[in-house]
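Enquirer: Could you work out the structure for the sequence below:
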Amino acid sequence: MSVEKRMKKIIAEILGLNEKEIKRDSIFVDDLGVESLDVVEMIAAMEEEFDIEISDEEAERNVTVGQAIDYIKEKLKKKRASKGKKE
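Expert: Here you go, the predicted structure:
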């Protein structure tokens, strides 16, 4: 399953939305009604799903779903690159 599909699934489950309602340009707070507790839940779920760490500062920079998806993709790319250097 692609990063985008996995992310939309996490967001949909936490917010009780249909995945089709979640678009790349959806703004978490304005369009999806995300509250601070939702953010904490989403970050924890994303960290677990993708086996990465997301700082509060990094999370705050991701205002739209698309930004968050691109951020996760970049984190995964860096993680793979650093694993390759260790092996």
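Enquirer: where exactly do the helices run in the protein?
Expert: 3-15, 36-50, 56-61, 65-86 (DSSP state H).
Enquirer: Leaving out chain neighbours, which residue sits closest to the most centrally placed residue in the chain?
Expert: The chain has residue 68 as the residue nearest its centroid, 4.7 Å off, counting by Cα atoms, centre = their mean. The shortest distance from residue 68 to any non-neighbouring residue, by Cβ to Cβ, 6 or more residues apart in numbering, is to residue 62 (4.1 Å). To be clear about C-beta, it is placed using only N, CA and C from the backbone, and glycine gets the same treatment.
Enquirer: show me what contacts that neighbour?
Expert: Residues counted as contacts of residue 62 (Cβ atoms under 8 Å, 6 or more residues apart in numbering) are 28, 68, 71.
Enquirer: Residue 63 is in contact with the first one, correct?
Expert: Yes - A contact is recorded between residue 28 and residue 63 when judged using Cβ atoms under 8 Å, the distance being 6.5 Å.
Enquirer: Any idea how far stretch 65-82 is from the middle of the chain?
Expert: 9 Å (Cα atoms, centre = their mean, to the nearest Å).
Enquirer: CA atoms of it as CSV?
Expert: Once non-C-alpha atoms are left out, stretch 65-82 reads as follows in CSV (Å, rounded to 0.1, in the frame of the first residue of the first chain):
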residue,chain,number,x,y,z
VAL,A,65,-2.4,16.3,4.1
GLY,A,66,-0.1,16.6,1.0
GLN,A,67,2.6,18.3,3.0
ALA,A,68,2.4,15.5,5.6
ILE,A,69,2.5,12.8,2.9
ASP,A,70,5.5,14.4,1.3
TYR,A,71,7.2,14.8,4.7
ILE,A,72,6.7,11.1,5.5
LYS,A,73,8.0,10.0,2.1
GLU,A,74,11.1,12.2,2.6
LYS,A,75,11.7,10.7,6.1
LEU,A,76,11.4,7.2,4.7
LYS,A,77,13.8,8.0,1.9
LYS,A,78,16.4,9.3,4.4
LYS,A,79,15.9,6.3,6.6
ARG,A,80,16.5,3.9,3.7
ALA,A,81,19.6,5.9,2.6
SER,A,82,21.0,5.8,6.2
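Enquirer: I appreciate the help and will end here.
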